[in-house]
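Q: What follows is a predicted structure for the sequence shown.
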Amino acid sequence: MSQFISVFDMLKIGVGPSSSHTLGPWRAAQYWVKKLRDTYLFETIDEIKVDLYGSLSLTGKGHATDLAIVLGLSEADPEYIPIEDIFTIVDRINVQEEIYFKGGKKIVFPNNAIQFHREFLPFHANGVTFRGLSKGKEISTETYYSIGGGFIVQENDTLEGDIEINKKNFPYPINRAKELELYCEKDNMLISEIVFKNELEINTAEKINFELERIWETMLECMYIGCHTEGILPGGLNVKRRAFDIHEKLIKNSEYSNPKEWIAAIRSTEVKFREILKWVSCFALSVNEVNASLGRVVTAPTNGSAGVIPAVLMYYLVIENHEASFKEIKQFLLTAGEIGSIFKKNATISAAIGGCQAEIGVSAAMAAAALTEVLGGSPAQCLVAAEIAMEHHLGLTCDPIGGLVQVPCIERNSMGAIKAINAAEMALETNPKDVKVPLDKVIDTMWETAKDMHKNYKETSEGGLAINVGLADC
């Protein structure tokens, strides 16, 4: 049996630009420091060295992996750190060449302490090794792997801290989409209701609702910030933010002063087809422009694909259902989270393993299923929507120019959101009994495609647009 993956594992609050290359290494560094403290090695260590391997090394600079490492070693938390503090902390470490820890201890960390290695470790494409030294001798060496969506593992992890998903531990153990569909049919329940029942085994209803509200508020704030910020994205590509100009044309002279008033203002704007397309694109672009500038986003299921789910949910709120409340937002997020978990259990959500089909493709499938449910579709139709969305992302490569999560990543979120809406509408007009390709089969196909894909197209910046379009072209 597989391990339980919560909706809060699939939708995590963190800092951009990448869940696998920023959030994962950040969490790994935090975890290593905690382990040092727990094993009483922390007080002995007087120097730290870090080695990055494979994809973490090849696109590490563009993904701010080095910044994430020093922030994690500093015991800052990506979920709560004030964004404005990030560069203050990093600059201080670079200048003083030492890291300040909680409690006042300082450890030497020279500017060459992080080494970038092109070789790939056998276990996973995203490897990072932390070395703790005492008087020149290594006394702690730990290797972690960032496997996508902010998840980290070690090669010999036994998963002892995880909960096995079976009938004993959960009322609805789900590994495959077909199992989910059968539960819904048998007990006449929606996907979101099934997911909520499982989540109640590990959290109270109050806690689940509180965290889902916090996730939505983070998504909304991210869109709001992105739509109201102009300028050039950092990193050297000189990519101009587009959400600001698109939003300014669409919102016209509407008056508002906060994100909730903003929703009401959008609802009063013109909603012809072209405007709807522009709004959806604007929402998606805004999130990923914030992500590209090391802003706070929700991994959904990754940072690189963080714009799809908020854009589709916002579309539902401002275009489809002006009376929608937290009830529908909760439904949407629970359904999306479960679809994402099925992909993670049976394939991958890591672009370093599966290309961009594993990020934008999965996020589009999650959003399509969730939108179908809140639009009144049956659980079977939700799975059809997820299948359609993924089927038309199969083979999508990950080839970020300059290793930055900007080109083509930002636009891909817009395209993924539009595809998700289209997939939902097609599914709502489909009799699931007529469907030729079930969701489980397309997930299996995605995984086979991922394994067959050349490594140059898996977040290495060694193929595709990343080599055909150089920094000079930008």
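A: Arrived safely, thanks for sending.

Q: centroid residue for this structure?
A: Closest residue to the average C-alpha location of the chain: Thr302 at 1.6 Å, with CA atoms, centre = their mean.

Q: That residue against Ala351, yeah?
A: Yes - contact criterion CB atoms under 8 Å: Thr302 and Ala351 qualify, at 7.3 Å. C-beta here means a position set from N, CA and C on the backbone, and glycine is covered the same way.

Q: Now the common contact residues for the two.
A: 20, 148, 359 (CB atoms under 8 Å, 6 or more residues apart in numbering).

Q: which of those has the most neighbours?
A: Glu359 (37 neighbours; other CB atoms under 10 Å).

Q: Where does pLDDT dip in the stretch 151-300 of the chain?
A: Within the stretch 151-300 of the chain, the ranges that satisfy pLDDT under 70 run 157-162.

Q: could you show me where the strands are in it, in order?
A: 151-153, 296-299 (DSSP state E, counting those that start in this stretch).

Q: Check the ones you listed for me and report the most buried one.
A: With neighbours defined by mean count of other CB atoms under 10 Å, none of these is more surrounded on average than strand 296-299, at a mean of 27.

Q: In the longest strand belonging to the chain, which residues are buried?
A: Secondary structure assigned by DSSP state E gives strand 137-148 as the longest strand of the chain. By neighbour count with 16 or more other CB atoms under 10 Å, strand 137-148 contains the buried residues 140, 143-148.

Q: which residues touch the nearest residue to Glu230 once chain neighbours are set aside?
A: Nearest residue to Glu230, sequence neighbours excluded (CB to CB, 6 or more residues apart in numbering): Phe244, at 4.0 Å. Neighbouring residues of Phe244 by CB under 8 Å, 6+ apart: 226-230.

Q: of those residues, buried ones?
A: Buried among the contacts of Phe244 (16+ other CB under 10 Å): 226-227, 229.

Q: Out of those, which comes closest to Cys282?
A: Nearest to Cys282 among those is Cys227, at 6.4 Å by CB to CB.

Q: surely Ile165 meets Gln3?
A: Yes - the pair Ile165 and Gln3 qualifies as a contact (CB under 8 Å) at a distance of 6.4 Å.

Q: Which of those two has more residues huddled nearby?
A: It is Ile165, of Ile165 and Gln3, that has more neighbours when counted by other CB under 10 Å, with 21 against 15.

Q: That one and Lys345, how far apart?
A: Look at Ile165 and Lys345: by CB to CB, to the nearest Å, they are 9 Å apart.

Q: Quick check: neighbours shared by these two?
A: 2, 175.

Q: returning to that earlier point: CSV please, covering the buried residues of strand 137-148 and showing distance to Lys34 and pLDDT.
A: Shown next, in CSV, are these (distance: CB to CB, whole Å; pLDDT from 0 to 100):
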residue, distance to Lys34, pLDDT
Ser140, 12, 95
Thr143, 16, 96
Tyr144, 12, 96
Tyr145, 17, 95
Ser146, 17, 94
Ile147, 19, 91
Gly148, 22, 90
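
Q: biggest helix in this protein by residues?
A: Secondary structure assigned by DSSP state H gives helix 205-227 as the longest helix of the chain.

Q: Determine how far it lies from the middle of the whole chain.
A: Relative to its chain's centre, helix 205-227 lies at 14 Å (CA atoms, centre = their mean, to the nearest Å).

Q: same deal with stretch 394-405?
A: The answer for stretch 394-405 is 15 Å, by CA atoms, centre = their mean.

Q: buried sites along it?
A: In stretch 394-405, counting by 16+ other CB under 10 Å, buried: 396-405.

Q: Closest to Pro173 out of these?
A: Of the buried residues of stretch 394-405, the one sitting nearest to Pro173 (CB to CB) turns out to be Leu396, at 30.8 Å.

Q: can you tell me how far the closest one sits from Glu338?
A: From Leu396 to Glu338 the distance is 22 Å (CB to CB).

Q: same check, this time on Leu313
A: Separation of Leu313 from Glu338 (CB to CB) stands at 15 Å.

Q: what comes up buried for stretch 265-275?
A: 265-266.

Q: Now tell me what touches it from outside.
A: Contact partners of stretch 265-275, identified using CB under 8 Å, 6+ apart, comprise 250-252, 254-256, 279, 318-319, 322.

Q: Which two among the residues you listed are spaced furthest apart?
A: Glu255 and Ile319 (20.4 Å).

Q: Who has more neighbours out of the two?
A: Ile319 (17 against 7).

Q: Touching, the more buried one and Lys278? I think so.
A: No - with contact defined as CB under 8 Å, Ile319 does not reach Lys278; the gap is 11.6 Å.

Q: Need the buried residues of stretch 394-405 in CSV (columns: pLDDT).
A: Shown next, in CSV, are those (pLDDT from 0 to 100):
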residue, pLDDT
Leu396, 98
Thr397, 97
Cys398, 96
Asp399, 94
Pro400, 94
Ile401, 94
Gly402, 91
Gly403, 90
Leu404, 93
Val405, 93
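
Q: can you list those in CSV and add secondary structure and distance to Ala369?
A: Formatted as CSV, the buried residues of stretch 394-405 follow (DSSP: H, G, I helix; E, B strand; the rest coil; distance: CB to CB, whole Å):
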residue, secondary structure, distance to Ala369
Leu396, coil, 19
Thr397, coil, 24
Cys398, strand, 23
Asp399, coil, 27
Pro400, coil, 27
Ile401, helix, 31
Gly402, helix, 34
Gly403, helix, 32
Leu404, coil, 30
Val405, coil, 25
